[in-house]
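Peer 1: A predicted structure for the sequence below; I have some questions about it.
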Amino acid sequence: MSEPIRITRAATKKRKPKDSELTFGTVFTDHMFVMDFQEAKGWYDPRIEPYGPLSLDPAAAVLHYAQAVFDGLKAFRGRDGRVRLFRPQKHVERLNHSARRMCIPPLDPEQALKALVELVGLEKDWVPSTVGTSLYIRPTIIANEPFLGVRPAKSYMYYVILSPVGAYYPEGMNPVKILVVDKYVRAVEGGVGGAKTGVNYAASLYAAEDAKHAGFTQVLWLDGRERKYIDEVGTMNIMLKIGDEVITPPLSQGTILPGVTRDSALTLMREWGLRVSERQVAIDEVARAARDGSLREVWGTGTAAVISPVGELAYKGERIVIGGGKIGELTKKLYDAIVGIQYATAPDTHGWTVPVEGRAT
Ligand code: COI
């Protein structure tokens, strides 16, 4: 990146919540990163400015045709007091993967990483320290060209906002109940299921509301063609242990999100010598395994939720209770291993963390 980041500091500072007050995504820090794109100039004018409303033309393409992508990553305050980003390069790579699918110009990965480090460095006092809390980072690209024709926009805005957060689910580390949905679908092969774009989340709301009213935390989506194979949960990838095989749906169909926590969990489990398969798994196979006692554990992986035990799956009126509703041994081991690296209580042998030195605020 050639252009230096201009910094305009906020005139006043907001009150920082106590760690014990943190929920998910309700409080935002004092500053945000912003950069613009125009066809003739490429990405230009990287800057950090006071957090505040965006100015958008009512005809902006994003507001009509949803041309936008985002990602989500976290910064943690380690036991040593230092702040680290968790796998930021992998998140930037995924943001660019999503961007390409939505005809949005990708970012220069090095410039994007530098911007994250600078912004979090400036806001480092906002990074909470209790285990289970972190600074959630939301990079977003929107098409802001005022134009009502349907084609890729010619101008975009990239911005990054920061939010100190606690647990994503109110259940915390208690197992969540999930409804398997076969009435609606989230994604089909050839669609945009593998891109982190708002439309996937908007499309999930109807089924998620149904599930919530029936007492479930989330939905588990089945494949869009046969409604037979498990895909992913609304905000997480899904993993199961049947007998001694750990199974997670493959990325090859392009219908599920290439989760970074998914990748971290797979890497660790392969290193631990476990039998890990990325393969399609039919919901009937899961129900059968539950009946014959070989379904050992089910958990979700995601940046926001980290590792989240699943205690119950409901499918066609059948309740599949997993592990007596308690957190499984492997689920706990994965949680401890990932959290250990994030909070620097365990060595980072994979080079997953990027330290943030920060400037005085
Ligand atoms: C994440 O895990 O970072 C997510 O993006 C899930 C979400 C809250 C949309």
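Peer 2: Right, received. Where do you want to start? None of these values were measured; they are calculated from a predicted model. Numbering: from 1, shown residues only.

Peer 1: Which residue comes closest to Ile307 once chain neighbours are left out?
Peer 2: Spatially, and ignoring its direct neighbours in sequence, Ile307 is nearest to Tyr335 (4.1 Å; CB to CB, 6 or more residues apart in numbering). (Glycine included, C-beta is placed from N, CA and C.)

Peer 1: what residues does the stretch 251-361 of the chain put near the ligand?
Peer 2: Gly302, Thr303, Ala304 (CB under 6 Å from any ligand atom).

Peer 1: Of the residues you listed, which belong to strands?
Peer 2: Where these overlap with strands, as defined by DSSP state E, the overlap consists of Gly302.

Peer 1: Of the residues of the stretch 251-361 of the chain next to the ligand, just the buried ones, PyMOL syntax please.
Peer 2: Those of these that count as buried under 16 or more other CB atoms under 10 Å are selected in PyMOL with:
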select buried, resi 302+303+304
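
Peer 1: Among the residues of the stretch 251-361 of the chain next to the ligand, which one lies nearest to Ser294?
Peer 2: Taking CB to CB as the measure, Gly302 is the one of these closest to Ser294, at 25.6 Å.

Peer 1: circling back: would you format the residues of the stretch 251-361 of the chain next to the ligand as CSV with distance to Lys114 and pLDDT included?
Peer 2: Below are these laid out as CSV (distance: CB to CB, whole Å; pLDDT from 0 to 100):
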residue, distance to Lys114, pLDDT
Gly302, 26, 96
Thr303, 21, 94
Ala304, 24, 88
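
Peer 1: quick one on the thing from earlier: quick one, phi psi at the residue nearest to Ile307?
Peer 2: phi -60, psi -50 (degrees, to the nearest 10).

Peer 1: Hmm, Tyr206 is touching Val185, no?
Peer 2: No. Between Tyr206 and Val185 there is no contact under CB atoms under 8 Å: 11.3 Å.

Peer 1: So between those two, which is more surrounded?
Peer 2: The neighbour comparison of Tyr206 against Val185 (other CB atoms under 10 Å) goes to Val185, with 19 against 13.

Peer 1: how near is the residue nearest to Glu245 when sequence neighbours are not counted to the ligand?
Peer 2: With CB to CB, 6+ apart as the criterion, Glu245 has its nearest non-adjacent residue at 5.0 Å, and that residue is Arg275. To the ligand, Arg275 is 27 Å away according to CB to the nearest ligand atom, to the nearest Å.

Peer 1: With just CA atoms, put the longest helix along the chain into CSV.
Peer 2: Ranked by residue count under DSSP state H, the longest helix found in the chain is helix 198-213. The C-alpha coordinates for helix 198-213 follow below in CSV (Å, rounded to 0.1, in the frame of the first residue of the first chain):
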residue,chain,number,x,y,z
GLY,A,198,-26.1,-9.7,3.7
VAL,A,199,-28.6,-11.4,1.4
ASN,A,200,-27.8,-14.8,2.9
TYR,A,201,-28.7,-13.4,6.3
ALA,A,202,-31.8,-11.6,5.2
ALA,A,203,-33.0,-14.8,3.5
SER,A,204,-32.5,-16.7,6.7
LEU,A,205,-34.7,-14.5,8.9
TYR,A,206,-38.1,-16.0,8.1
ALA,A,207,-37.1,-19.5,9.1
ALA,A,208,-35.0,-18.2,12.1
GLU,A,209,-38.1,-16.5,13.5
ASP,A,210,-40.2,-19.6,13.1
ALA,A,211,-37.5,-21.5,15.0
LYS,A,212,-37.3,-18.9,17.7
HIS,A,213,-41.0,-19.0,18.3
